[in-house]
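**Student:** Pasting a predicted model and its sequence here:
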Amino acid sequence: MPVLQIGQTSIPYTVRYSSRTKSQRIVVTPNAVEVVAPPDTPFEQITAFLDSKRRWLFNAVEDCRPKHPPETPPRYVSGAKVMYRGRRLMLQVESADVKQVIVTCKGRFYIQVPYNLTKHEQQNAIEQALINWKRDRVWQDVQHLVKIYARKLGVEIPAVKLSQEKRTWGTCGKDGVIRINWQLVDAPLSVLEYVVAHETVHLLHRNHGDRFWEALSCIMPDWRTRKVQLESWEG
């Protein structure tokens, strides 16, 4: 689809040839921009026509944009699903005599919210409570796993921190601190275990040479399968 660039605004448009029109015209709707032209009109002539109408077209497109964004449906309601450890678990939300949102998980997420919250406040409070709950859970998991793999490797148990760098699931810094992306809580547990084991091995071997993979194989023989799981999950 051709695009007319006006400053920082890109305006895609389509061309429709019609034997019923004797001259070019532009039709602007909220969903599309269409140029109607007589048959056999050269494309260069169409682009020149659009270029001559740049200011008018920009204003027409802006006028067609919705002045108020459409209201998005609430995400955190009973029956909705939230990802956790590779599964989409259902939410059960209910108002209760509590001072803050309470999250429990037993096959599904049970969410208790204070009576006095508006719908908007409720959604924000549930979202933050789920984030806090997940971060706490993955923090406990990572601390437990690091101890297991450090002992298997015979290295000192390192300091651990959570991160949220995009597309970086784990790092082992020169300071010996292992950082794990907390959003791995949404991946299968086997994937989180792989990332933690991988970064723990970096305490011994900083690069990905043969000795690194040999050490990883010693503490996690099926690391290749888990690596494929990670790549599949993040893709």
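**Tutor:** Sure, I can see it. Keep in mind that this is a model prediction, so the values were computed, not measured.

**Student:** burial count for Ile46?
**Tutor:** Counted with other C-beta atoms under 10 Å, residues neighbouring Ile46 total 17. (Each C-beta comes from the backbone N, C-alpha and C, glycine too.)

**Student:** if I read this right, it contacts Arg16, doesn't it?
**Tutor:** No: contact criterion C-beta atoms under 8 Å: Ile46 and Arg16 do not qualify, at 10.7 Å.

**Student:** Overlap in contacts, the two.
**Tutor:** Residues touching both Ile46 and Arg16 (C-beta atoms under 8 Å, 6 or more residues apart in numbering): Val35, Ala37.

**Student:** Please, which helix or strand holds the nearest residue to Thr9 once chain neighbours are set aside?
**Tutor:** In this structure, Thr9 finds its nearest non-sequential neighbour in Phe58, 6.6 Å apart by C-beta to C-beta, 6 or more residues apart in numbering. Applying DSSP states H and E as the criterion places Phe58 in helix 54-64.

**Student:** same deal with Ala129?
**Tutor:** helix 119-153.

**Student:** I'd like the next helix or strand past that helix.
**Tutor:** According to DSSP H and E, the helix or strand after helix 119-153 is strand 160-163.

**Student:** phi, psi of the residue nearest to Leu230 when sequence neighbours are not counted?
**Tutor:** Distances taken as C-beta to C-beta, 6+ apart place Val191 nearest to Leu230, at 4.8 Å, with adjacent residues excluded. Main-chain torsions, Val191, degrees, to the nearest 10: phi -70, psi -50.

**Student:** Return the helix or strand in this structure with minimum mean pLDDT.
**Tutor:** Here the helix or strand of the chain ranked lowest by mean pLDDT, DSSP states H and E is strand 3-6, holding a mean of 82.

**Student:** Partner strands of that strand, with direction?
**Tutor:** strand 9-12 (antiparallel) (DSSP bridges).

**Student:** who touches the strand it pairs with?
**Tutor:** With C-beta under 8 Å, 6+ apart as the criterion, strand 9-12 contacts Met1, Pro2, Val3, Leu4, Gln5, Val33, Leu57, Phe58, Val61.

**Student:** Low-confidence bits of this protein, can you list those?
**Tutor:** By pLDDT under 70, the weakly predicted segments of the chain are 66-72, 235.

**Student:** longest single strand anywhere in it?
**Tutor:** strand 87-96 (DSSP state E).

**Student:** helices or strands next to it in the packing?
**Tutor:** strand 81-84, strand 109-114 (3 or more C-beta pairs under 8 Å, 6 or more residues apart in numbering; DSSP states H and E).

**Student:** Residues contacting the last one from elsewhere in the structure, which ones?
**Tutor:** Okay, so that is strand 109-114. 76, 82, 84, 89-96, 98-104, 122, 125-126, 129-130.

**Student:** Buried among these? Make that a ChimeraX selection.
**Tutor:** The buried residues among the contacts of strand 109-114 can be selected in ChimeraX (16 or more other C-beta atoms under 10 Å) with this line:
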select :76,82,84,89,91,93,101,103,122,125,126,129,130
